[in-house]
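Chemist: coordinates only, no sequence provided:
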DNA sequence: CATACATTTCCATGTTTATCGAAATAATGG
DNA sequence: CCATTATTTCGATAAACATGGAAATGTATG
């Protein structure tokens, strides 16, 4: 995952409603949810929600699939995994993050040296 | 970590230069780096960088400490841990994220039910 | 105190986001 | 093909963000 994609994904999640949407879709699992149900669950007007869904989609965090009249949205776990992977590897130092607050065990640094 | 803090942290990292700054500070470790050195390393004008540092600081991702003339910035690993923790617990579903792409082992969900 | 240094704040500018009603687009059923 | 339903696109508006030079602030030194 390159830095640009990471910035895009972070930007997509960095908004109250969109974070809520993503959490909801994660909870919904593989079945996903139609746009209308999401809008109702979160109390966001359809047109606003559509805007946010588009952002999440553009960032690759959710997927869209038409089911007759409804558009079903599902969370893309792989994308989230990739994001988490990047952050863990690149933004947690060769020491601290996942386990102990200060320590030694050099994290399995991958070959990410772009920017 | 509440949803608002998460949104703030994500927003702080969702920018090319700021993500680069944070990565750099993580690499720099506990010693941290003075603002000038960061600006030079990234090729960003001082005044622009100062703006970005302020954003990261406000989101609680970095810390500032004066050392005579310089302001030394260091990454706050605990904050990053908290962010990663929230994402892992709330945005990775009771199934997929850290380990297997599709599975069963319900992740150790914590008591986060705010929004 | 005058000077140099490190960094921030101020300011003006242009760009991107967020919001939401109204109109447009898709899909289904009679 | 008309009506209904589900969702998106359009358009206008307000707010937040990003940029970078110039001026201001804080700190050390001779």
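Modeler: Thanks, I have it. These figures come from a predicted structure and were not determined experimentally. Numbering: from 1, shown residues only, chains lettered A, B, ... in the order given.

Chemist: so the residue lying closest to residue A:70 once chain neighbours are set aside bridges to which residues?
Modeler: Distances taken as C-beta to C-beta, 6 or more residues apart in numbering or on different chains put residue A:34 closest to residue A:70, at 3.8 Å, once the chain neighbours are dropped. From N, CA and C alone the C-beta is placed, and that goes for glycine too. Beta-bridge pairing for residue A:34 (DSSP bridges): residue A:72.

Chemist: need the contact list for residue A:34.
Modeler: By C-beta atoms under 8 Å, 6 or more residues apart in numbering or on different chains, the residues touching residue A:34 are A:67, A:70, A:71, A:72, A:73.

Chemist: give me the element residue A:63 is part of.
Modeler: strand A:62-67 (DSSP states H and E).

Chemist: surely residue A:13 and residue B:10 touch.
Modeler: Yes: shown here, residue A:13 and residue B:10 form a contact pair, counting by C-beta atoms under 8 Å, at 5.0 Å.

Chemist: for those two, indicate the residue with more neighbours.
Modeler: Ranked by neighbour count (other C-beta atoms under 10 Å in any protein chain shown), residue A:13 and residue B:10 place residue A:13 first, with 26 against 22.

Chemist: how much space separates that one from residue A:80?
Modeler: According to C-beta to C-beta, to the nearest Å, residue A:13 and residue A:80 sit 9 Å apart.

Chemist: what's the overlap in contacts for the two?
Modeler: Each of A:61, B:91 lies in contact with both residue A:13 and residue A:80 under the rule C-beta under 8 Å, 6+ apart.

Chemist: residues from chain A in reach of DNA strand C?
Modeler: When proximity is defined as C-beta under 7 Å from any atom of the strand, chain A approaches DNA strand C at A:11, A:14-17, A:44-48, A:51-52, A:55, A:66, A:68-69.

Chemist: ok, of these, which come out buried?
Modeler: A:11, A:14, A:15, A:17, A:44, A:52, A:55 (16 or more other C-beta atoms under 10 Å in any protein chain shown).

Chemist: list the contacts for the fourth one?
Modeler: So the one you mean is residue A:17. A:42, A:44, A:48, A:49, A:52.

Chemist: among the residues you listed, name the ones in helices.
Modeler: Among those, the ones falling in helices (DSSP state H) are A:42, A:48, A:49, A:52.

Chemist: leaving out sequence neighbours, find the closest residue to the second one.
Modeler: I take that to be residue A:48. residue A:17 (7.4 Å).

Chemist: residue A:24 versus the one you found, what's the distance?
Modeler: Distance of residue A:17 to residue A:24, computed by C-beta to C-beta: 10 Å.

Chemist: what's the overlap in contacts for these two?
Modeler: With C-beta under 8 Å, 6+ apart as the test, residue A:17 and residue A:24 both reach residue A:42.

Chemist: how about the helices in chain A?
Modeler: Going by DSSP H, chain A shows helices at A:3-13, A:16-28, A:35-42, A:46-58, A:77-90.
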